[in-house]
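Trainee: I'd like to go over a predicted model; first the sequence, then the structure.
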Amino acid sequence: MDNVIPEASDSVNKLGQYQIAFGSNPRKIILAIIVFSVFLALLGFGTVAMVVSAINTNEFTILFLLILFLPFDVLCLAGIITATRRITWQTIIYSNGLLLHRNKKTENICWEDVKSYTETVNYTHGIRYDHQIVIHLYSGKRIEFDSTIKGVDIVGQKLREKCNPLILSRAVQSLNNNEPIEFGDLVVRPDGLEVTVRENAWKRSKKSISWIEVEDIEIEGNQCMGPVTYNYVIRQKGKKEPWDCRSVPLVPNTEVFFFIVKRILGKS
């Protein structure tokens, strides 16, 4: 693999045996830098033109538009800086976890440190264009991977192989102790399912349904003028419309969630 760190290859520590190492994906990073640079150039040209126009005409409307343009200039510049820094990122996978080299910092992550993770693979017309993984640790830290990392597929595979059994074991123990299990906005309880409804950016409410009322929980795909999306559809007995619908990638530990609810419903 590219960008292997030789001194880490034979490391045997709490992370276990070295397995594989990989770096960034130069093609995607360069493409991102080019895209951000083009937008920054266009926005910069427009900003300069508006400044000159505002000076010459004393038009407050132009000054208002200038203020609106500036945040986009900053976002493009931040995108270029972020993409450039990722060129040196490296990930080393061991039998018991990950070793990350990012921005001149090194961090060890054991599989047992992973509290939850989400994985999103985006397709358009059957062609994959992005793969994102967000890992949440018990320490509260958040680790992100995407297609700018060459081995993002391997990271996803290892999370499913190594973390899912640990997360499932903890979930089963919680159920046996009559404790709720949180999967983001979904909470599995011994007597039913509770969901958080996000009505808008500020207002949230909760609703619940008992297991005896749940007819089934299914994963359904949908494509409408864009990428294919997959949703958990929760159906209530005797009701035609779904009781609730949730995007699969927004549900942490999604495979564990699906396994648990299917077992509870007796359909696994």
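Mentor: Thanks, I have the structure now.
Trainee: Now do the end-to-end distance for stretch 113-131.
Mentor: End-to-end distance for stretch 113-131, by Cα to Cα, to the nearest Å: 22 Å.
Trainee: which residues are contacting that stretch?
Mentor: Outside of stretch 113-131, the residues within contact range by Cβ atoms under 8 Å, 6 or more residues apart in numbering are 97, 132-139, 145-147, 152-153, 156, 159, 163, 166-167, 183-184, 226-228, 249-254. Just so you know, the C-beta spots here come from the backbone N, C-alpha and C atoms, and that holds for glycine as well.
Trainee: Could I have the buried ones of those residues as ChimeraX selection syntax?
Mentor: Here is the ChimeraX command that selects the buried residues among the contacts of stretch 113-131 (16 or more other Cβ atoms under 10 Å):
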select :97,132,133,134,135,136,137,145,147,152,156,159,163,167,183,184,227,249,251,252,253,254
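Trainee: number of nearby residues for K14?
Mentor: Using other Cβ atoms under 10 Å, K14 is surrounded by 9 other residues.
Trainee: Skipping adjacent residues, who's closest to V261 in space?
Mentor: Using Cβ to Cβ, 6 or more residues apart in numbering and skipping residues adjacent in sequence, the residue nearest V261 is I217, 5.2 Å away.
Trainee: what's near enough to touch the one you found?
Mentor: I217 sits next to 232-235, 258, 261-262, 265 when contact means Cβ under 8 Å, 6+ apart.
Trainee: Kindly recompute the last result at 10 Å.
Mentor: Going by Cβ atoms under 10 Å, 6 or more residues apart in numbering, I217 touches 186, 193, 232-235, 242-244, 246, 257-258, 261-262, 264-265, 267.
Trainee: From those residues, list the buried ones, please.
Mentor: Buried residues within the contacts of I217, defined by neighbour count using 16+ other Cβ under 10 Å: 186, 193, 232-235, 242-244, 246, 257-258, 261, 264.
Trainee: And those, which is closest to V74?
Mentor: Closest approach to V74 among those (Cβ to Cβ): R246, at 33.5 Å.
Trainee: quick one: that closest one from D185, how far?
Mentor: Using Cβ to Cβ, to the nearest Å, R246 is found at 7 Å from D185.
Trainee: got any residues that touch both of these two?
Mentor: Taking Cβ under 10 Å, 6+ apart as the criterion, R246 and D185 both touch V195.
Trainee: before we move on, back to that, just the ones of the buried ones among the contacts of I217 in helices?
Mentor: Counted as lying in helices by DSSP state H, out of these, are 257-258, 261, 264.
Trainee: Which one of these is nearest to E112?
Mentor: F257 (19.4 Å).
Trainee: In space, what's closest to the closest one - neighbours in sequence excluded?
Mentor: The shortest distance from F257 to any non-neighbouring residue, by Cβ to Cβ, 6+ apart, is to F183 (4.6 Å).
Trainee: again with K158
Mentor: Computed as Cβ to Cβ, 6+ apart, the closest residue to K158 that is not its neighbour in sequence is I93, at 6.0 Å.
Trainee: secondary structure element for the one you found?
Mentor: For I93, the element it lies in under DSSP states H and E is strand 90-94.
Trainee: Please save the CA atoms from that strand in PDB.
Mentor: These are the backbone C-alpha positions of strand 90-94, laid out as PDB (Å, rounded to 0.1, in the frame of the first residue of the first chain):
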ATOM      1  CA  GLN A  90      -2.100   8.000   7.200                       C
ATOM      2  CA  THR A  91      -4.000   5.200   8.800                       C
ATOM      3  CA  ILE A  92      -2.600   1.900  10.100                       C
ATOM      4  CA  ILE A  93      -4.800  -1.000  11.000                       C
ATOM      5  CA  TYR A  94      -3.800  -3.400  13.700                       C
END
